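J.: The sequence and its predicted three-dimensional model are supplied below.
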Amino acid sequence: MAENGNARAWGRSNEPTPYATWQKSEGIPIHTGSYVSDLKTVAVAPWARVGQKGAFVNLADQEEDDGRVIEIAPGGQTTVQHHLFEATTFVVDGRGATSFWQEDGQAKQTVEWQRGSLFAPPLNCYYQHFNLDGQQPARLFSVTNAPNVINLFCDPDFVFNVVYPFTNRYDTRADYFTDPGKSIGKRDWQTNFVPDTRGFKLIEWLERGAGGTTINFRLGNNTMMAAHISEFPTGTYKKAHRHGVGAHVIILGGEGYSLLWFPGDKERTKVDWQDGAVLSPKAGEYHQHFNTGPTPARYLALRFGVPGVVSGRSDRNAEWSTEAELNGIDYELEDPAIFELYSEECKRHGAEVRLPKPAYATR
């Protein structure tokens, strides 16, 4: 983690932020950079706070949000969790259950999950994860706004111990986690539990090209942590785009790669991926996703900033906040080298290029 950069952003010259100090004190691995090749195998270590193994995944050199992996031993369970920050949890592998309750002594609600499930513990409620498989460990990956909240209060003990039931977020009604949800917009779905992100039906989204489909989720009445799924066909790639920092792109299926670069860069960083990988572009960094496999490529993006509710700091008044930058560079305006590389990669993987070669505009 770039502590100096984070300290400058927080207004200090030589000190790490409160979040960075707390994170280091937790004593578990901190994985940084632009990507992790496989969340199923990334190194973890015993984490006293959760009573199981864990690791931080702090990508893109930022403190808008963070990621953390929890590995639950076969037949094991975490300690009871409770915190004043939002979290969106994706089941990387395994099967199990999570119990939720609002206050001590109150009846618990339990949800069973499997590989590919997605949910968000309601703000400041109590919850506990259980691995229902006695033979294999389970892995969960959560993206949270803990950096923002810990840096705001400068007191981790308060963030983890304050007692206040947000009943407007979690009213404990019987169907809170079993209600399948409802459409709240053209491509927006409100729910508190997604049983299977790989099988969830998506809606056409032509703006990013490649004949793609998508869906946006509002989970657990979150106001800061958002999620969406996108899928695009084999033999195609999506338009390059950029936005504020904090999006964690988790590959749900397919094989391919992504390119990352800033305006003016002479070279682009190429990140190869498959099921289980996660990548995160930096603020204002172009990123573009390419499918070189025999099946559609699907990914889940967890990020700070709920559209229409709140945006990340790096989104505010930024040049990439324009619709053109968010929706992507038209194929006809991209560097011809991008299509050339894609053709070579498809040939190397035995895939057919289905996206027509762009009719490049005169430069």
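T.: Structure's in. What do you need? Numbers count the residues shown, from 1 in each chain.

J.: buried residues in the lengthiest helix in the chain?
T.: In the chain, taking DSSP state H as the definition, the longest helix is helix 336-349. Neighbour-count burial for helix 336-349, counted by 16 or more other C-beta atoms under 10 Å, picks out I338, F339, L341, Y342, E345, C346. From N, CA and C alone the C-beta is placed, and that goes for glycine too.

J.: Show me which of those is closest to I72.
T.: Relative to I72, the closest of those is E345; by C-beta to C-beta it sits at 36.9 Å.

J.: That closest one contacts F290, correct?
T.: Yes: with contact taken as C-beta atoms under 8 Å, E345 and F290 are classed as touching, separated by 6.9 Å.

J.: what's the overlap in contacts for these two?
T.: Counting by C-beta atoms under 8 Å, 6 or more residues apart in numbering, the residues touching both E345 and F290 are Y257.

J.: pLDDT weak spots in the chain?
T.: Counting by pLDDT under 70, the chain shows low-confidence ranges at 1-14, 305-327, 363.

J.: sec struct for the most centrally placed residue in it, please.
T.: Taking C-alpha atoms, centre = their mean, the centroid of the chain lies closest to L302, which sits 2.5 Å from it. Local secondary structure at L302 is given as strand here, using DSSP: H, G, I helix; E, B strand; the rest coil.

J.: same for the strand or helix carrying W189, what does it pack against?
T.: W189 is part of strand 188-191 when elements are defined by DSSP states H and E. Using 3 or more C-beta pairs under 8 Å, 6 or more residues apart in numbering; DSSP states H and E as the contact criterion, the neighbours of strand 188-191 among helices and strands are strand 182-185, strand 213-219.

J.: can you tell which of those is closest to S25?
T.: Where these are weighed against each other on C-beta to C-beta, the nearest is strand 213-219, at 29.1 Å.

J.: Got the phi and psi for W22?
T.: Main-chain dihedrals, W22, degrees, to the nearest 10: phi -60, psi -50.

J.: re earlier: who does the residue nearest to the centre of the chain bridge with?
T.: Beta-bridge partners for L302, by DSSP bridges, are A227, H248.

J.: what lines up beside the helix or strand following the strand holding W189 in the sheet?
T.: Next helix or strand after strand 188-191 toward the C-terminus (DSSP H and E): strand 193-194. According to DSSP bridges, strand 193-194 forms sheet pairs with strand 118-119 (antiparallel).

J.: From the contact counts, what lies against the helix or strand following the strand it pairs with?
T.: Reading on from strand 118-119 to the C-terminus, the next helix or strand found by DSSP H and E is strand 126-131. Counting contacts by 3+ C-beta pairs under 8 Å, 6+ apart, strand 126-131 packs against strand 66-72, strand 96-101, strand 138-144.

J.: 6 Å instead, please
T.: The contact analysis (3 or more C-beta pairs under 6 Å, 6 or more residues apart in numbering; DSSP states H and E) places strand 126-131 against strand 96-101.

J.: Just checking: what are the partner strands of the strand it packs on?
T.: According to DSSP bridges, the neighbouring strands of strand 96-101, each with its direction, are strand 109-113 (antiparallel), strand 126-131 (antiparallel).

J.: Find the nearest non-adjacent residue to G51, please.
T.: In space, and not counting its chain neighbours, G51 is closest to T79: 4.0 Å by C-beta to C-beta, 6 or more residues apart in numbering.

J.: For W261, list the residues it contacts.
T.: Contacts for W261 (C-beta atoms under 6 Å, 6 or more residues apart in numbering) come out as R268, Y286.
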